[in-house]
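Undergrad: One predicted model, sequence on top.
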Amino acid sequence: MKKYYPFLVVFCLVLLYLAAIWLRPPFHPGETRELEIAREIASGNDWIPRLNGFPCHETPLLGVLVNGLFMKWFGETPGAARLPGALVTLASAGLLYWLCRRSGEERGGRVAAVIFLLSGLVFLGGTWGMAGALFRFSFLLTMTMFFFACREKLLLRRFGLLTFAGFGMGMAILSGGFPGVVLPLATLVLFLLWQNEWKRIFTLPWIPLIWAFVIAGPTGVAASLQNSGEPLGFLLMNAPVAEASFWLALPIVIAGALPWILFLPGVIAGYRGHCGEAFRTPLLRYAVCMGGAGGVLLAFSVTGWSSAPVLLPCFPAFAILFAWGLVRYAQSGKLFRETDRVLRLILFCGIPALVVLFAIQVFNRWLPGRVPAELLLYRSGENFYFPVFAAMVFLIWVGMALGTREAWAKFACFCVAVGFIFLAHPALLPPHLIVDRTPVDFIVRESRRALTPETLVLADSGMASATAWALRRADIGIYGNPGEFAAGMESAGPGRFYSQDRLAAIIQSGVQPVLIVTDSEKLVREMPAALEKSYRRRGGLFIVHYRKQGEANL
């Protein structure tokens with residue numbers, strides 16, 4: 001029976017990712033922006049990325065093309081655009097296992113692949129409708145082929161591996177721009193220096209670089225000329241930015257590596273006494289170079305918590321390093337003191353928190369208004385029974401992990417607990433905490449009353465992508481500050497920008513009804529009073545105001 005366990009694990013992980021992509025509404029603004037770009041590619045007649053009809057100068061080409069292709073095949077739904085990201089994230093775990101297995105660390109490869117897929121930030125990045133997952137897969141493919149080529153003695157096989165590395169680098173350039181060239185080369189140089197093989201720095205990179213620019217060059221130049229008029233603009237995508245928050249990268253990595261970062265004491269115990277063996281191993285040296293070079297360089301592109309997925313290319317390296325320590329710790333024959341301390345801490349904190357949460361929510365249900373709103377995680381009318389049940393299931397599996405003395409069973413029980421929480425997370429999030437980030441259903445529902453084929457639809461720049469995706473239209477006019485659409489308006493003409501005076505003229509002419517979508521209280525307050533009072537009642541002007549939670553809708 002044990003021989004079927006690996007297949008069962010793979011099946012469960014695939015099911016987890018493929019099920020999760022259909023369960024959550026799209027988040028605004030990042031995900032709705034990427035979804036709309038992919039939708040316009042799927043519904044258009046060319047392959048140039050556009051948002052609301054305007055060219056997107058800084059959008060990686062390959063990722064949105066693949067997302068658009070899947071939308072064309074499976075429909076214009078969030079799940080269709082998230083499917084490529086889930087598949088390539090699963091494929092990245094397969095590459096990670098292959099890399100470890102060919103390096104003589106098969107058990108570590110299995111553990112590393114599971115740790116990688118069940119890390120919080122990896123799961124988040126793999127189930128969003130964002131185009132960056134293809135870049136992460138391409139980068140890992142490049143690094144895997146580079147490592148195999150460094151270890152290969154036969155010239156012909158080395159040439160073939162370097163060719164595959166060039167193919168991966170070309171895809172990384174088209175799907176990520178600047179980091180697709182710099183990260184693999186920086187990792188390779190550091191690794192060869194550490195291996196005292198510095199002479200190979202002048203020979204190994206050339207074949208992949210030639211193949212990369214053969215693959216990416218013509219397409220990238222054509223797209224850049226079409227979009228921005230700069231032939232090498234595709235190389236500047238995702239380049240370091242001046243407003244980067246370099247020191248924010250460390251807390252993002254720590255938070256993104258949950259829950260495995262909690263087992264750092266066990267990892268350290270696994271390395272204790274084996275550091276010399278560990279860092280004489282080429283695989284671990286390579287992982288240190290890949291994670292270190294990638295982490296430092298990518299940290300210069302982090303502008304805030306919303307840009308956390310930028311750091312995801314480092315996570316395969318972190319998974320290798322964590323897995324090596326955990327495997328050595330399990331092989332040491334100790335009684336899992338460090339691991340069990342973490343599991344006891346989870347139970348010690350989780351059980352009282354669950355009891356208090358349930359008691360407060362039930363008390364508020366029986367005597368509404370008696371509990372201060374600050375103490376309520378779930379407000380009146382929000383379902384808290386399923387989150388409590390999910391937390392109970394999680395704690396039961398953690399308790400089972402604590403109770404077993406076999407390393408593989410302890411690891412498996414904890415993975416089941418984490419996987420269940422990942423799968424159930426859309427129902428665990430309090431609706432009032434995410435409502436401000438998921439405006440699509442609100443826009444669809446509130447616009448239905450005023451939307452006709454003749455309706456002129458306007459939105460402020462912050463809500464334009466969500467409005468275009470919600471209404472499946474690429475002709476949304478921009479009202480107020482042009483924002484990110486300013487450059488596109490310069491090239492496409494000012495016809496899609498509507499000032500107050502122009503809007504007033506359209507409304508007063510009575511030629512067509514107007515629908516305005518906004519999340520700006522200031523914009524609504526500055527709406528001409530005559531328009532708001534006279535024409536909204538007669539149906540000429542309709543405002544969909546996506547207000548903050550607790551405020552009434554206009």
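TA: Yep, that arrived.
Undergrad: Quick check: residue 157 vs residue 94, distance?
TA: Between residue 157 and residue 94 the distance, using CB to CB, to the nearest Å, works out to 21 Å. C-beta here means a position set from N, CA and C on the backbone, and glycine is covered the same way.
Undergrad: can you check residue 260 too?
TA: When CB to CB is the yardstick, residue 260 and residue 94 sit 19 Å from each other.
Undergrad: quick one, which of those two is more surrounded?
TA: residue 260 (22 against 14; other CB atoms under 10 Å).
Undergrad: Chain neighbours aside, what residue packs nearest to the more buried one?
TA: residue 115 (5.3 Å; CB to CB, 6 or more residues apart in numbering).
Undergrad: residues touching that neighbour, list them.
TA: With contact taken as CB atoms under 8 Å, 6 or more residues apart in numbering, residue 115 is in contact with 260, 319, 322-323.
Undergrad: any idea which element it lies in?
TA: Assigning secondary structure by DSSP states H and E places residue 115 in helix 106-117.
Undergrad: do residue 543 as well
TA: strand 541-545.
Undergrad: Low-confidence regions, the stretch 251-400 of the chain specifically.
TA: Low-confidence regions of the stretch 251-400 of the chain, defined by pLDDT under 70, span residues 333-335.
Undergrad: how about the helices in it?
TA: In the stretch 251-400 of the chain, the segments counted as helices under DSSP state H, counting those that start in this stretch are 264-271, 275-278, 282-299, 315-331, 337-366, 385-403.
Undergrad: Mind listing what's buried along the first one?
TA: So the one you mean is helix 264-271. Along helix 264-271, these residues count as buried under the neighbour rule (16 or more other CB atoms under 10 Å): 266-267, 269-271.
Undergrad: and that helix, what other elements does it pack with?
TA: Helices and strands in packing contact with helix 264-271 are listed as helix 315-331, helix 337-366; criterion 3 or more CB pairs under 8 Å, 6 or more residues apart in numbering; DSSP states H and E.
Undergrad: Give me the angle between that helix and helix 282-299.
TA: Taking axes from the mean of the first three to the mean of the last three CA atoms, to 10 degrees, one finds helix 264-271 and helix 282-299 inclined to each other by 140 degrees.
Undergrad: With the last one instead?
TA: For helix 385-403 against helix 282-299, the angle by the same axes, to 10 degrees is 150 degrees.
Undergrad: Dump helix 385-403 to PDB, restricted to CA.
TA: What follows is helix 385-403 as a C-alpha-only set of coordinates in PDB (Å, rounded to 0.1, in the frame of the first residue of the first chain):
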ATOM      1  CA  TYR A 385     -20.100  28.200  12.100                       C
ATOM      2  CA  PHE A 386     -18.100  26.900   9.200                       C
ATOM      3  CA  PRO A 387     -14.900  28.900  10.200                       C
ATOM      4  CA  VAL A 388     -15.200  27.400  13.700                       C
ATOM      5  CA  PHE A 389     -15.700  23.900  12.200                       C
ATOM      6  CA  ALA A 390     -12.700  24.400   9.900                       C
ATOM      7  CA  ALA A 391     -10.500  25.500  12.800                       C
ATOM      8  CA  MET A 392     -11.600  22.400  14.800                       C
ATOM      9  CA  VAL A 393     -10.600  20.100  11.900                       C
ATOM     10  CA  PHE A 394      -7.200  21.900  11.600                       C
ATOM     11  CA  LEU A 395      -6.500  21.500  15.400                       C
ATOM     12  CA  ILE A 396      -7.600  17.900  15.300                       C
ATOM     13  CA  TRP A 397      -5.100  17.100  12.600                       C
ATOM     14  CA  VAL A 398      -2.400  19.100  14.400                       C
ATOM     15  CA  GLY A 399      -3.200  17.000  17.500                       C
ATOM     16  CA  MET A 400      -2.900  13.800  15.500                       C
ATOM     17  CA  ALA A 401       0.500  15.000  14.200                       C
ATOM     18  CA  LEU A 402       1.600  15.700  17.800                       C
ATOM     19  CA  GLY A 403       0.500  12.200  18.900                       C
END
